[in-house]
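Chemist: what follows is a predicted protein model with its sequence.
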Amino acid sequence: MEKLRESLHEAPIIDKDGYSYLVHPLSNGVPMLEPELLREVVVGVTRAADLDVDKIVAPEAMGIHIATALSLQTDIPLVVIRKRSYGLEDEVPLHKTTGYSESEMFINDIEAGDDLLIVDDLLSTGGTMASICEALDDIGANISDIVVVFRKQGESALDNTDYEVTSLLDISVDQDGVTIHD
Ligand SMILES: O=P(O)(O)OC[C@H]1O[C@H](OP(=O)(O)OP(=O)(O)O)[C@H](O)[C@@H]1O
Ligand SMILES: Nc1ncnc2[nH]cnc12
């Protein structure tokens, strides 16, 4: 994960009402995402993840490019959990909170019995992932694995649940920058 580690040292941190927010190519699409970095991450996720699944699931927006590349690499179909409702039959809404926002998301085309790999760029408060896992569980799908690129250290809404998250790097973020925890 050499390129990924290097990239963190250059990443700007912005203040979102007291919350230190990492601006990184994988988490924001800016600064520019180098193909070599995306490739390294997709190889890392491919090695870390349980790929014996029916579908890859990624939340909009910044899980999409990682999951798309993984889908191309593995031939596993991709479902995006959207921030927009389509009003389709069996659409499942969920409410999610992060450290700086609160919003609705909508699940389509996941069925009871589906084996799923969930992929996202970053886990922080775990609010997004916990809401997604709960909704997928209610549908009756089986969450085989959850892989994120960055996991921020600290309390998470997934603590004290059965959901286990694998990360490529564990980090902490403050106004002075990013620390990588090995
Ligand atoms: O662990 P949490 O505190 O829930 O934070 C993690 C989530 O926050 C970011 O998404 P965001 O909601 O900012 O939307 P974006 O992907 O469109 O940037 C990130 O992509 C994760 O999905
Ligand atoms: N880019 C980011 N930086 C820090 N915390 C976050 N939580 C969700 N996205 C984040």
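Modeler: Good, I have the coordinates. What you are looking at is a predicted structure, and each value in this text was computed from that prediction instead of being measured. Ligands and ions are numbered 1, 2, ... in the order given.
Chemist: buried ones in stretch 71-83?
Modeler: Within stretch 71-83, the residues that count as buried by 16 or more other C-beta atoms under 10 Å are 71, 74, 76, 78-82. The C-beta positions use only the backbone N, C-alpha and C, and glycine is treated the same way.
Chemist: what residues does that stretch touch?
Modeler: Outside stretch 71-83, the residues that touch it by C-beta atoms under 8 Å, 6 or more residues apart in numbering are 42, 46, 51, 53-61, 63-64, 67-68, 70, 94, 103-110, 117, 132.
Chemist: okay, that stretch in PDB with CA atoms only?
Modeler: The C-alpha coordinates for stretch 71-83 follow below in PDB (Å, rounded to 0.1, in the frame of the first residue of the first chain):
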ATOM      1  CA  SER A  71     -16.600  -5.300 -10.500                       C
ATOM      2  CA  LEU A  72     -14.600  -5.100 -13.800                       C
ATOM      3  CA  GLN A  73     -11.700  -7.000 -12.200                       C
ATOM      4  CA  THR A  74     -13.900  -9.800 -10.700                       C
ATOM      5  CA  ASP A  75     -17.000 -10.000 -13.000                       C
ATOM      6  CA  ILE A  76     -19.200  -9.600  -9.900                       C
ATOM      7  CA  PRO A  77     -22.200  -7.300 -10.600                       C
ATOM      8  CA  LEU A  78     -22.500  -4.000  -8.800                       C
ATOM      9  CA  VAL A  79     -25.400  -2.400  -7.000                       C
ATOM     10  CA  VAL A  80     -25.200   1.300  -5.900                       C
ATOM     11  CA  ILE A  81     -27.100   2.400  -2.900                       C
ATOM     12  CA  ARG A  82     -28.400   5.700  -4.100                       C
ATOM     13  CA  LYS A  83     -29.100   9.100  -2.500                       C
END
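Chemist: what ranges do the strands span in this protein?
Modeler: 13-16, 19-22, 55-59, 78-81, 92-97, 102-107, 115-123, 142-152, 165-174, 177-181 (DSSP state E).
Chemist: could I get those in CSV, plus columns for mean pLDDT and distance to ligand 1?
Modeler: Formatted as CSV, the strands of the chain follow (pLDDT from 0 to 100; distance: least, C-beta to the nearest ligand atom, whole Å):
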stretch, mean pLDDT, distance to ligand 1
strand 13-16, 96, 10
strand 19-22, 96, 9
strand 55-59, 99, 5
strand 78-81, 98, 9
strand 92-97, 98, 6
strand 102-107, 98, 7
strand 115-123, 98, 5
strand 142-152, 98, 7
strand 165-174, 98, 10
strand 177-181, 98, 15
